[in-house]
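**Student:** next come a sequence and a model predicted from it.
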2 protein chains.
Amino acid sequence: MIKRYLMAPGPTPVPAGVLLAMAEPVIHHRTPQFEAIFAEAQEDLKKLFQTTQDVLVLAASGTGAMEAAVSNTLSPDDRVIVVNGGKFGERWAKICGSYGVAVDEIKVEWGKAVSVAEVEAALSRGPARALLIQASETSTGVLHPVKEIAALTRRSQTLLIVDGITAVGVVDLPMDDWGVDVLVTGSQKALMLPPGLAFISLSERAWEATKKARLPKFYFDLTRERDNQAKHTTAYTPAISMIVGLRAALKLILGEGLKQVFARHDRLARAGRAGAQAIGLKLLAPESPSPALTAILVPEKVDGKKLVSYLRDKMGVTFAGGQDHLKGKIVRIAHIGYAGTFDLIVGLGALEMALARFGYPVEFGKSVGAAQAVLMEGMPA
Amino acid sequence: MIKRYLMAPGPTPVPAGVLLAMAEPVIHHRTPQFEAIFAEAQEDLKKLFQTTQDVLVLAASGTGAMEAAVSNTLSPDDRVIVVNGGKFGERWAKICGSYGVAVDEIKVEWGKAVSVAEVEAALSRGPARALLIQASETSTGVLHPVKEIAALTRRSQTLLIVDGITAVGVVDLPMDDWGVDVLVTGSQKALMLPPGLAFISLSERAWEATKKARLPKFYFDLTRERDNQAKHTTAYTPAISMIVGLRAALKLILGEGLKQVFARHDRLARAGRAGAQAIGLKLLAPESPSPALTAILVPEKVDGKKLVSYLRDKMGVTFAGGQDHLKGKIVRIAHIGYAGTFDLIVGLGALEMALARFGYPVEFGKSVGAAQAVLMEGMPA
């Protein structure tokens, strides 16, 4: 008998109330009934994105919204700056490349955040139509300094396009306040839903840019979507049950309160880092860690791939491993979305036991104990 | 955001697959479709009870089956021996008393098991129609020596009536082998179902006794039930969805294997005891502990009632407190049914943190660590 625990940075666990909402009989989408549900979700999405702009809902995974961000704001041969410090930074470059956009890449060592100075230098190398970045780079567990970068781009002609897939609903990322031009996220992270929905919001000047953008698009034509979604419907068939679930999930998030949600993620992340370090493990991104997940270096003598398989197949605990050159070298523990105190305790407890199985000397309870000391902050008096 | 963990000795968590089976549209019970499902569950129940006798299914909670055990085998003024070492021993006495049966009570200190010598003495005081006992006394977390007692009663005219509500599917309790005459359990314990079903099986000589039993009964008339259930139907409307869930739950239990299920409960219980003792806590029943739950004495300066409320309301972890004179003095952590390694880690982690909140000095991770050392036994190489 193996109980399953999902601790990868997406998909993340879905609360029972959301699953039950999604299990309701499917309704038709061209009905006042659906429109009312969608309208509620739309209002709540604006609060989540901290914007007065529309947040458009797409039946796609996050990458679809990333592509929409590119194809709706850019034109062939536009110069863009891409911050590439991991798999998802690389994805921005690939999407732009596929559309013939000229990419000026800022390569960042995996595990490090981009420095504001590097961004400043790239911006000063010549006019850039856009700067594309991750707020939280999921492959390395790094948080990039979006606020500081936005302070640069908002004074320039450069649009700031942010992949907020493991950041929206995790860290404070007030789109309007900071001057983010395009913000994207997906359903299977902090939104506590299965994969299948992507979300995108554009600033006033990003909408201006769409008028001149000449890249081809059809399914991801955001102007057509905006016209439809203003009437609480969608250009093409929406993922109906997902939107029913979305409404339920947003009620949970806003019911808890964004401030509390951010504080919870921060606390879980600090506890995760303390727990890893307490048993002598090193962090991949100690300097600028994302509160969505913690990337931990696997001890030299342990095979990280086998460790992740053992955790998943023998213990029932699904972590993520590393990608590309980090394959086998890191484990990534997520604490994003529907994650609480005891998820982290399970995760660290499992990690201790799995490491012991692989011969790494662990004092049982030490990692858990270090995390508990931090997690006590969340316990009311 | 509080996640909920159910760690009381019933109701216990229900696996998702069982919940989904129960959420299927309700079918009619006077149909071949239902009879086929019921027949499968009946066969598997015999394996669970380790008997060749029928195991009857009642739409009732466990107490209903306890009452059926009494009313179907006894007559007014019969003398019975009741082992009373907790709330459920007391319940046997109350049921017998309600029906005018003469109860010779063996009072056992709460937290202790009855001694075989005491039972022997009671049996020798005069003929007894039945001896009623709990295999596992849920209120104190004690395991009574049913096997040894059965060795006495099977040589006598005394029926051995066993409440196996937190024992069947937890510890090895082979009804036929040991010579248990009546064995009772409920759905919301090791069977991993919600409350609502009770189960009862009678030995050959218990069925003989029913012929002479003159206590009144109607809904719980087991002879009528047996006649109906032999045809895979029930005398009165069965709890249909519960039986659909029962079939699914039994498949899980027998799929894991009874031997493995017993070993898992034993391991979790040993880990629970080790965890409690590692932080200086004392057990209520150190000598004869039940593998279904662990009753832990609350430290003197801590208010046990407030501790249990804090765990439940502020931390989301539902333990049971004590009953009657143990109210506020113990907490009971269950590890029964759909319980695994990480449930225990969550339970002990939560207990550490709650005790710390109440001023009891705890080294975080110490209880968890002691449990982990035991739980490693369950981790494959």
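**Tutor:** Received it, and whenever you're ready, just let me know what you need.
**Student:** list the contacts of the residue in the stretch 151-300 of chain A positioned nearest to chain B.
**Tutor:** Residue nearest to chain B within the stretch 151-300 of chain A: A:E256 (4.9 Å; Cβ to the nearest Cβ). All C-beta spots, glycine's among them, are computed from the backbone N, C-alpha and C. By Cβ atoms under 8 Å, 6 or more residues apart in numbering or on different chains, the contact set of A:E256 is A:264, B:1.
**Student:** name the nearest residue to A:L19, ignoring sequence neighbours.
**Tutor:** A:G245 (7.6 Å; Cβ to Cβ, 6 or more residues apart in numbering or on different chains).
**Student:** let me see the mean pLDDT of the helix or strand where that neighbour lies.
**Tutor:** Taking DSSP states H and E as the definition, A:G245 sits inside helix A:240-256. The average pLDDT for helix A:240-256 rounds to 98.
**Student:** next: stretch A:12-22.
**Tutor:** Mean predicted lDDT for stretch A:12-22 stands at 96.
**Student:** buried sites along it?
**Tutor:** A:12-15, A:18-19, A:21-22 (16 or more other Cβ atoms under 10 Å in any protein chain shown).
**Student:** swap in stretch A:198-217?
**Tutor:** Those buried within stretch A:198-217 under the rule 16+ other Cβ under 10 Å are A:198-203, A:206-207, A:209-210, A:213, A:215, A:217.
**Student:** that one: how far from the chain's middle?
**Tutor:** 21 Å (Cα atoms, centre = their mean, to the nearest Å).
**Student:** stretch A:304-314 too?
**Tutor:** 24 Å.
**Student:** and for stretch A:126-136?
**Tutor:** Distance, centroid of stretch A:126-136 to centroid of chain: 17 Å (Cα atoms, centre = their mean).
**Student:** now the buried residues of stretch A:198-217 as CSV including secondary structure, distance to B:A230 and pLDDT?
**Tutor:** As requested, the buried residues of stretch A:198-217 are exported to CSV (DSSP: H, G, I helix; E, B strand; the rest coil; distance: Cβ to Cβ, whole Å; pLDDT from 0 to 100):
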residue, secondary structure, distance to B:A230, pLDDT
A:A198, strand, 58, 98
A:F199, strand, 59, 98
A:I200, strand, 64, 98
A:S201, strand, 66, 98
A:L202, strand, 70, 98
A:S203, coil, 74, 98
A:A206, helix, 74, 98
A:W207, helix, 74, 98
A:A209, helix, 77, 98
A:T210, helix, 74, 98
A:A213, coil, 76, 97
A:L215, coil, 73, 97
A:K217, coil, 68, 97
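**Student:** in helices, which of the buried residues of stretch A:12-22 appear?
**Tutor:** When the buried residues of stretch A:12-22 are checked against helices (DSSP state H), the matches are A:18-19, A:21-22.
**Student:** quick check, nearest of those to chain B?
**Tutor:** A:L19 (9.2 Å).
**Student:** before we move on, the earlier item: for burial, what's the neighbour tally of the residue nearest to A:L19?
**Tutor:** By other Cβ atoms under 10 Å in any protein chain shown, the residues close to A:G245 number 29.
**Student:** now swap in A:A36 and tell me
**Tutor:** So A:A36, with other Cβ under 10 Å, has 12 neighbours.
**Student:** could I get the buried residue list for the longest helix along chain A?
**Tutor:** Ranked by residue count under DSSP H, the longest helix found in chain A is helix A:258-278. By neighbour count on 16+ other Cβ under 10 Å, the buried set for helix A:258-278 is A:261-276, A:278.
**Student:** same question for stretch A:292-302.
**Tutor:** Neighbour counts using 16+ other Cβ under 10 Å place A:292-299, A:302 of stretch A:292-302 among the buried residues.
**Student:** of the residues you listed, list those near chain B.
**Tutor:** Contacts with chain B within the buried residues of stretch A:292-302, counted by Cβ under 8 Å from any Cβ of the partner chain: none were found.
**Student:** could you dump those into CSV with pLDDT and secondary structure added?
**Tutor:** Formatted as CSV, these follow (pLDDT from 0 to 100; DSSP: H, G, I helix; E, B strand; the rest coil):
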residue, pLDDT, secondary structure
A:A292, 98, coil
A:L293, 98, strand
A:T294, 98, strand
A:A295, 98, strand
A:I296, 98, strand
A:L297, 98, strand
A:V298, 98, coil
A:P299, 97, coil
A:V302, 97, coil
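**Student:** JSON lines for the residues you listed, including distance to B:A135?
**Tutor:** Below are these laid out as JSON lines (distance: Cβ to Cβ, whole Å):
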{"residue": "A:A292", "distance to B:A135": "48"}
{"residue": "A:L293", "distance to B:A135": "46"}
{"residue": "A:T294", "distance to B:A135": "45"}
{"residue": "A:A295", "distance to B:A135": "49"}
{"residue": "A:I296", "distance to B:A135": "45"}
{"residue": "A:L297", "distance to B:A135": "50"}
{"residue": "A:V298", "distance to B:A135": "46"}
{"residue": "A:P299", "distance to B:A135": "46"}
{"residue": "A:V302", "distance to B:A135": "44"}
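**Student:** what ranges do the helices span in chain A?
**Tutor:** Going by DSSP H, chain A shows helices at A:16-22, A:32-49, A:62-73, A:87-98, A:116-124, A:146-153, A:175-178, A:204-212, A:222-229, A:240-256, A:258-278, A:304-313, A:341-357, A:366-375.
**Student:** I'd like to know how many residues surround A:K231.
**Tutor:** 10.
**Student:** residues contacting A:K301?
**Tutor:** Contacts of A:K301 by Cβ under 8 Å, 6+ apart are A:359-360.
**Student:** how about A:A198?
**Tutor:** Residues in contact with A:A198, defined by Cβ under 8 Å, 6+ apart, are A:57-58, A:60-65, A:68, A:184-187.
**Student:** which one of the residues you listed sits closest to B:R226?
**Tutor:** Taking Cβ to Cβ as the measure, B:R226 lies nearest A:S187 of these, at 53.2 Å.
**Student:** please report phi then psi for that closest one.
**Tutor:** Note on A:S187: backbone dihedrals following degrees, to the nearest 10 are phi -80, psi -30.
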